[in-house]
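In: One predicted model, sequence on top.
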Amino acid sequence: MKSDMFIRPELLVENVSVTYKNGHTAIYDASFALSGGVICALVGVNGSGKSTLFNSIIGLIKPTSGHVSLNHQPISYALRKNSIAYVPQTEEIDWNFPVLVKDVVMMGRYGKMNFFRIPSQKDKNIVNQAIERMGLSELATRQIGELSGGQKKRVFLARSLAQEASVLLLDEPFTGVDVKTENAIIDLLRILRDTNHLILVSTHNLGSVPEFCDHVIFINRTILCAGRTETTFTQKNLEMTFGGVLRHINLSGSALHEDNDGRSVTVITDDERPVVFYGHTKNDPPTQTKSKGTSS
Ligand SMILES: Nc1ncnc2c1ncn2[C@@H]1O[C@H](COP(=O)(O)OP(=O)(O)OP(=O)(O)O)[C@@H](O)[C@H]1O
């Protein structure tokens, strides 16, 4: 996965709206632009349209209006070229067919093979590297259906690596994985980012967003705001996105320490995944508050 294997990808989502057959408009007028060399978090409440947006980008859903392009070409062209890899939420996959882990990873090479799908030595080498990189060597000949949720997730990441795509879309990659796997995924994403890949990650793990994401997009049926994490991942924008779902706890002074250090820290949790730190402000009175509509 060298940076010179592709030009730095430019993803453009322009005024995309999606209305499902039942008449529900899941996203409307969504627009943003992202370039390679970036890890971007897609953050929003359940049902805010994250998966719908992903499906629009990978061509599974045709937007009702608006369009998506990669490198100034229609997204269908990028998909034919295998430039976009998608790691879905595990739950969306039907595991009732027998297939080995190494065969699932080989699926990442299908777009580069001929009609008969006979893997070349190069395909095999790339698949082996991807399997090794995701720590799956010992599971390579196991049936995928026998694996745990976290292990399956690693298999799908390996498949996307084998695809050698310039754009990676990851839908909830940290759900159901242990801390070691989460760290391994983050390390891998950083390496890909540093080789000009564009990575868009939907996550409910707010605490890790400032740790590894350069950009953040807040979504609630449309794009609420988007930009660099330092300037966009703010308390105000989190409140706008999550409203009453978030619980706020402000601690300072004696609530934090027994010395005279007057710094305070604000913690916001989404109840499932604490903790987001907003930094320190001096001389705030010790308080502990909850946002409207929450209980604890
Ligand atoms: N096939 C469908 N037909 C009708 N409505 C749908 C369909 N798929 C999703 N929706 C609705 O569209 C909205 C957005 O769903 P989507 O799955 O994109 O949200 P999400 O942000 O990915 O949610 P989560 O965080 O729970 O995964 C929801 O209200 C959902 O009920």
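Out: Thanks, I have the structure now. Residues are numbered from 1 along each chain as shown.
In: Just list the residues touching V16, thanks.
Out: When contacts are counted by C-beta atoms under 8 Å, 6 or more residues apart in numbering, V16 touches 27, 29-31, 53, 56, 63, 65-68. All C-beta spots, glycine's among them, are computed from the backbone N, C-alpha and C.
In: Select only the buried ones of the residues you listed in ChimeraX?
Out: To isolate in ChimeraX the members of the contacts of V16 that are buried, counting by 16 or more other C-beta atoms under 10 Å, one can use:
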select :27,30,53,56,63,66,68
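In: Rebuild the contacts of V16 as a markdown table, extending it with secondary structure, pLDDT and distance to D103.
Out: Shown next, in a markdown table, are the contacts of V16 (DSSP: H, G, I helix; E, B strand; the rest coil; pLDDT from 0 to 100; distance: C-beta to C-beta, whole Å):
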| residue | secondary structure | pLDDT | distance to D103 |
| --- | --- | --- | --- |
| I27 | strand | 96 | 34 |
| D29 | strand | 96 | 41 |
| A30 | strand | 96 | 36 |
| S31 | strand | 96 | 39 |
| L53 | helix | 95 | 30 |
| S56 | helix | 94 | 29 |
| P63 | coil | 95 | 33 |
| S65 | strand | 96 | 39 |
| G66 | strand | 96 | 37 |
| H67 | strand | 92 | 34 |
| V68 | strand | 95 | 30 |
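In: Let me have the contacts of V16 in CSV, adding distance to the ligand as columns.
Out: Below are the contacts of V16 laid out as CSV (distance: C-beta to the nearest ligand atom, whole Å):
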residue, distance to the ligand
I27, 7
D29, 15
A30, 11
S31, 17
L53, 7
S56, 10
P63, 13
S65, 16
G66, 16
H67, 18
V68, 15
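In: Report the buried residues of stretch 141-156.
Out: Under the neighbour-count rule (16+ other C-beta under 10 Å), stretch 141-156 has 144, 147, 150-156 buried.
In: Phi first, then psi, for L168.
Out: Phi and psi for L168, reported as degrees, to the nearest 10, are phi -120, psi 130.
In: any idea which element L12 lies in?
Out: Secondary structure from DSSP states H and E places L12 in strand 10-19.
In: for that strand, which positions count as buried?
Out: When burial is assessed from 16+ other C-beta under 10 Å, strand 10-19 yields the following buried residues: 10-13, 16-18.
In: got it, and stretch 184-199?
Out: 184-186, 188-189, 192-193, 195-199.
In: Among these, which one lies nearest to A140?
Out: Ranked by distance to A140 (C-beta to C-beta), these are led by A184 at 16.9 Å.
In: Spell out which residues of the stretch 1-150 of the chain are next to the ligand.
Out: 20, 22, 24, 26, 44, 46-52 (C-beta under 6 Å from any ligand atom).
In: Which parts of the stretch 101-250 of the chain are helices?
Out: According to DSSP state H, counting those that start in this stretch, the stretch 101-250 of the chain carries its helices in the segments 101-106, 121-133, 149-163, 179-194, 209-212, 229-232, 235-242.
In: Kindly reformat the ones you listed as JSON lines containing distance to G37.
Out: Converted to JSON lines, these look like this (distance: least, C-beta to C-beta, whole Å):
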{"stretch": "helix 101-106", "distance to G37": "25"}
{"stretch": "helix 121-133", "distance to G37": "20"}
{"stretch": "helix 149-163", "distance to G37": "17"}
{"stretch": "helix 179-194", "distance to G37": "6"}
{"stretch": "helix 209-212", "distance to G37": "14"}
{"stretch": "helix 229-232", "distance to G37": "14"}
{"stretch": "helix 235-242", "distance to G37": "23"}
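In: Flag the shaky bits of the chain, pLDDT-wise.
Out: Applying pLDDT under 70 to the chain flags residues 1-6, 90-93, 95, 244-296.
In: okay, now the domains of it?
Out: Split into domains by automatic domain parsing, the chain comes to 3-241, 243-282.
In: Look up the closest residue to S51, ignoring the ones flanking it.
Out: D171 (6.0 Å; C-beta to C-beta, 6 or more residues apart in numbering).
In: Confirm for me that that neighbour is in contact with L60.
Out: No - D171 is not in contact with L60 according to C-beta atoms under 8 Å; the separation is 11.7 Å.
In: So for these two, which sits in the more crowded spot?
Out: Between D171 and L60, D171 has the larger neighbour count (other C-beta atoms under 10 Å), namely 23 against 13.
In: ok so, going back, what would the buried residues of stretch 184-199 look like in JSON lines with distance to the ligand?
Out: What follows is the buried residues of stretch 184-199, written out as JSON lines (distance: C-beta to the nearest ligand atom, whole Å):
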{"residue": "A184", "distance to the ligand": "23"}
{"residue": "I185", "distance to the ligand": "18"}
{"residue": "I186", "distance to the ligand": "20"}
{"residue": "L188", "distance to the ligand": "22"}
{"residue": "L189", "distance to the ligand": "20"}
{"residue": "L192", "distance to the ligand": "23"}
{"residue": "R193", "distance to the ligand": "23"}
{"residue": "T195", "distance to the ligand": "28"}
{"residue": "N196", "distance to the ligand": "27"}
{"residue": "H197", "distance to the ligand": "22"}
{"residue": "L198", "distance to the ligand": "20"}
{"residue": "I199", "distance to the ligand": "17"}
